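A.B. asks: Turn this into a structure:
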Amino acid sequence: MTTLALVPSAVRRRGILAEASLLAAGVAFIGLSAQLVLPLPFTPVPVTGQTFAVLLVGGVYGTVRGAAVLLTYLVAGIAGAPFFAAAGSGVAHLLSPSGGYLVGMVLAAVLVGTLAERGWDRRLSTSGLAMVMGNLVIYAVGLLWLGASLGTSVVDTLALGALPFVLGDLIKIALATAVLPAAWRLVDRFRD
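C.D. replies: A predicted model of the protein is given here:
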């Protein structure tokens with residue numbers, strides 16, 4: 001079962017209600033995952049559950065709906081919903097040194113969703129690779145933003161924004177890859 005088959009057929013059967021429900025569920029899932037926070041004293045970037053949720057949403061929702069979920073998540077967080085890490089919100093949170101990771105998450109969901117629509121979600125190996133690629137996009141945008149915000153060298157930026165997170169992100173990628181089929185079934189059940 002692929003993303004292309006799942007979500008559009010759910011929308012056809014239920015129309016705008018299904019679309020809004022899927023969007024709200026995705027936003028809530030990412031917002032809740034952001035509340036799983038482990039602050040690190042040596043960096044402004046916390047460990048959160050967001051990357052797990054973002055990669056999973058991208059893989060299940062596809063390109064357009066994944067992007068819609070992430071953009072709605074960002075807009076709601078900027079508008080004051082306590083969706084960012086540790087119930088954070090507001091434009092200042094987005095403009096903080098760790099704000100680039102939030103922006104990168106939109107692009108990651110688009111990439112993972114696009115790859116899922118091209119069949120990468122059909123095998124464990126390609127699903128995992130798609131999610132690794134999505135995570136690299138999050139790192140790329142987040143690290144550029146972090147380095148520019150703090151004025152740090154490349155080495156210091158990597159030490160603050162990537163190295164402490166690699167192992168945890170690999171675990172989150174493995175979990176997201178493993179639960180992807182169950183997530184499809186959940187969306188499929190919603191469709192029926």
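A.B. asks: drop to CA atoms for contacts and neighbour counts, all remaining ones
C.D. replies: OK.
A.B. asks: what stretches of this structure score poorly on pLDDT?
C.D. replies: 1-14, 188-192 (pLDDT under 70).
A.B. asks: how distant is stretch 54-66 from the center of its chain?
C.D. replies: 8 Å (C-alpha atoms, centre = their mean, to the nearest Å).
A.B. asks: How about residue 157, nearest residue that isn't a chain neighbour?
C.D. replies: Of all residues not flanking residue 157 in the chain, residue 147 sits nearest, at 5.4 Å (C-alpha to C-alpha, 6 or more residues apart in numbering).
A.B. asks: which helices and strands sit right next to the one helix or strand that neighbour maps to?
C.D. replies: Using DSSP states H and E, residue 147 maps to helix 124-150. Packed against helix 124-150 by the contact rule (3 or more C-alpha pairs under 8 Å, 6 or more residues apart in numbering; DSSP states H and E) you find helix 50-79, helix 99-117, helix 154-161, helix 166-191.
A.B. asks: Go through those helices and name the closest to residue 39.
C.D. replies: When those are compared by C-alpha to C-alpha, helix 154-161 sits nearest residue 39, at 12.2 Å.
A.B. asks: hang on, the earlier thing: can you pull the buried residues of the helix holding residue 147?
C.D. replies: 126-135, 137-147 (16 or more other C-alpha atoms under 10 Å).
A.B. asks: Was I right to think the residue nearest to residue 157 contacts residue 153?
C.D. replies: Yes - under the criterion of C-alpha atoms under 8 Å, residue 147 makes contact with residue 153 at 6.9 Å.
A.B. asks: Look up how far residue 157 lies from the residue positioned nearest the centre of the chain.
C.D. replies: A centroid search over the chain (C-alpha atoms, centre = their mean) returns residue 54, at 1.7 Å, as the residue closest to the centre. As judged by C-alpha to C-alpha, to the nearest Å, residue 54 and residue 157 stand 23 Å apart.
A.B. asks: Quick one: neighbours of residue 186, just the number.
C.D. replies: Using other C-alpha atoms under 10 Å, the number of residues around residue 186 comes to 11.
A.B. asks: how about residue 41, secondary structure?
C.D. replies: Assigned with DSSP: H, G, I helix; E, B strand; the rest coil, residue 41 falls in the coil class.
A.B. asks: That one - how many residues pack around it?
C.D. replies: Other residues lying near residue 41 total 8 when counted by other C-alpha under 10 Å.
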